[in-house]
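Participant: Sequence plus the predicted model coming up.
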Amino acid sequence: MLLAIDTSAGTSVAIVDAQGVVRAEHNSSDTRKHAEVVGDFIRGCLTDAECAVTDLTGVVAGMGPGPFTGLRVGIVAARAFAFGAGLPLLPVVTHDALALGETEPIVVATDARRKELYWSTYEGSDAAGLPVRVAGPALAPAAELAASVPNFEHFHLRDSQPVHASNLARLAFLLREHHRPFAGEEALYLRSPDVTLSAGPKRVTA
Amino acid sequence: MSNPAPNLAPNPASAVARSALSGQLPANTTNPLVLGIETSCDETGIGIVRGNQLLANVISSSMDEHARYGGVVPEVAARAHLEAMQPALEQALAEAGVELSELDAIAVTSGPGLAGALMVGVAAAKALSVATGKPLYAVNHLVGHVGADVLRDDGTEIELPTIALLVSGGHTSLLLVRDLVSDVELLGETIDDAAGEAFDKVARLLGLPYPGGPQIDRVAIGGNPKAIRFPRGLTHAKDVDRHRYDFSFSGLKTSVARWVEREQDAGTDFSIADVAASFREAVVDVLLTKAVAACVDRGVPRLLLGGGVVANARVRELAAERCAEAGIELRIPPLSLCTDNGAMIAALGAQLIMARKEPSTLGFSADSTLPVTRIQA
Ligand SMILES: [Zn+2]
């Protein structure tokens, strides 16, 4: 069984068994309460699934893309849980989980705030059932998505939808089964920290 | 659209996870082994204590990354916490020579501090608590600074009540501590910049690098602290009613800037050492005048210092002088426990356990403005 945690949008935590059955899932669309609810969601999933920590075989972390304050809450929770339970950490790209099971060419676009979108394009799925990412994840102004995505007309635009951690777990099972690489260790903020270097101290006298 | 909505397996009402219980007092309440997590500002601190005994104090600082910006950038700090968390946990356990499974409890700073930075520690602590089944204590950062004093190894125990002056880049607070786990009163705090921030800003306008405290100390050597009389914020008679124990450093910073600009405009060859020494004297004077006043007013002949600014030599020197004059006992924890660290959070967690306080429930939030009266969240 896998525990999966994603806070790239709201908070989603799930436990899925090796047959792909969702044993428990807790979701909140609140984008300001990740750190508040993540502990109760993890414990709630273990309780609902009647699952002991020792029944788990890995912890799936949604690496984004996602707005930074929330995104890293899920990542650090997944890392800390994996460390605490002595389990492997399985990082996945959240957009890949949103594209799981798609057979046609699609654009996944999710809210990046500040009138921007995170997007990725997929050419359906491969023989293993894994989504085939063509481009992204990347960041674009919401009003200029069509101009920013290469070959935009070719893809069907998917509404940004709630992220279900259970789909991250299913994706992780497939990656593991087919010996495909997991995502990198770095959080996919896709934005640098908001810092403007000032030229030096400003005068206080005119 | 083939992205399936999850179909949930049946959920027996009586289901109880075989692990992940964290609602009970730890079995060991006399000498508990506690791991503390601190991420309220730019230090990722992991500490481990057994009762009042310090076993490990690992600090991973992102200070160097902030240097080019001249001050702590919250987003830069929060990103650094995410990357430092697991290595710091591993290092602390190795230093203490203990396994996660041996811990009696976990403690974490839930506030006050930078919201995005606090969230990283809070989320990590909750996940670690559920994964290990260890009870979790959410504690107050400022009270943690006071709690650090129980870890000194000279065998003298902190006597209460005490006044505590906590000064760093993030806070400047004056507390009356009657009981570490149940009775802390906020007497005053800064109404604008923290004292450490004032050091950073003045260092910057003198062309000195970040962090400003050590730089000001360095160039103040040989300077005359009485050369320039910079203002002491909130010490005028008109302020004393409403702000007797409050601090303000933003006017002082502006006053230093004005003075320097005037001299520069006039082409005077002024002494940076005098400016640094006089500025530092203004900060330290107002800090200790108010702290000593609190001791005298409240009839509490004890003063405890905490926070990174305590590393400033002049703070310690003037504190010793003023306390000796007023017959006040001065306590300064070791410097490695004055700056933000996880050991002080673990120590406060251990104090709560030894006082048989129940663990926090998992739903607490990262509270950037957590009041000192809330010792445990
Ligand atoms: Zn502090």
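Facilitator: Perfect, I can see it now.

Participant: Is residue B:306 in contact with residue B:165, as I believe?
Facilitator: Yes - taking contacts as C-beta atoms under 8 Å, residue B:306 lies within contact range of residue B:165: 7.4 Å. Just so you know, the C-beta spots here come from the backbone N, C-alpha and C atoms, and that holds for glycine as well.

Participant: Now do the SS call for residue A:120.
Facilitator: strand (DSSP: H, G, I helix; E, B strand; the rest coil).

Participant: should've said residue A:137
Facilitator: Residue A:137 - assigned by three-state DSSP - is strand.

Participant: Hmm, residue A:95 and it touching each other?
Facilitator: Yes - contact criterion C-beta under 8 Å: residue A:137 and residue A:95 qualify, at 5.3 Å.

Participant: Buried residues in the lowest-mean-pLDDT helix or strand in chain A, which are they?
Facilitator: Scoring the helices and strands of chain A by mean pLDDT, DSSP states H and E places strand A:156-158 at the bottom, with a mean of 91. Buried positions in strand A:156-158, judged by neighbour count with 16 or more other C-beta atoms under 10 Å in any protein chain shown: residue A:158.

Participant: How far off centre is that strand?
Facilitator: 18 Å (C-alpha atoms, centre = their mean, to the nearest Å).

Participant: got the CA positions of the next helix or strand after it in PDB?
Facilitator: Note on strand A:156-158: by DSSP states H and E, the next helix or strand toward the C-terminus is helix A:165-177. What follows is helix A:165-177, C-alpha atoms only, in PDB (Å, rounded to 0.1, in the frame of the first residue of the first chain):
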ATOM      1  CA  ALA A 165      -3.700  12.000  -4.100                       C
ATOM      2  CA  SER A 166      -5.100   8.500  -5.000                       C
ATOM      3  CA  ASN A 167      -4.100   9.200  -8.600                       C
ATOM      4  CA  LEU A 168      -0.600  10.100  -7.600                       C
ATOM      5  CA  ALA A 169      -0.400   6.700  -5.800                       C
ATOM      6  CA  ARG A 170      -1.800   4.900  -8.900                       C
ATOM      7  CA  LEU A 171       0.800   6.700 -11.000                       C
ATOM      8  CA  ALA A 172       3.600   5.700  -8.600                       C
ATOM      9  CA  PHE A 173       2.500   2.000  -8.700                       C
ATOM     10  CA  LEU A 174       2.700   2.100 -12.500                       C
ATOM     11  CA  LEU A 175       6.100   3.800 -12.500                       C
ATOM     12  CA  ARG A 176       7.400   1.200 -10.000                       C
ATOM     13  CA  GLU A 177       5.900  -1.700 -11.900                       C
END
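
Participant: who's in contact with helix A:165-177?
Facilitator: Contacts to helix A:165-177, defined as C-beta atoms under 8 Å, 6 or more residues apart in numbering or on different chains, come from residues A:2-6, A:12-16, A:18, A:20, A:22, A:25, A:27, A:58, A:60, A:62, A:90, A:92, A:94, A:96-98, A:100, A:128-131, A:180-182, B:3-4, B:6.

Participant: go again using 6 Å as the cut-off
Facilitator: Helix A:165-177 has contacts (C-beta atoms under 6 Å, 6 or more residues apart in numbering or on different chains) with A:2, A:4, A:6, A:12-14, A:16, A:20, A:22, A:25, A:60, A:62, A:90, A:92, A:96-97, A:100, A:129-130, A:182, B:6.

Participant: thinking residue B:127 is in contact with residue A:80, fair?
Facilitator: Yes - using C-beta atoms under 6 Å, residue B:127 makes contact with residue A:80 at a distance of 4.1 Å.

Participant: Any idea how many residues pack against residue B:299?
Facilitator: 7 (other C-beta atoms under 10 Å in any protein chain shown).
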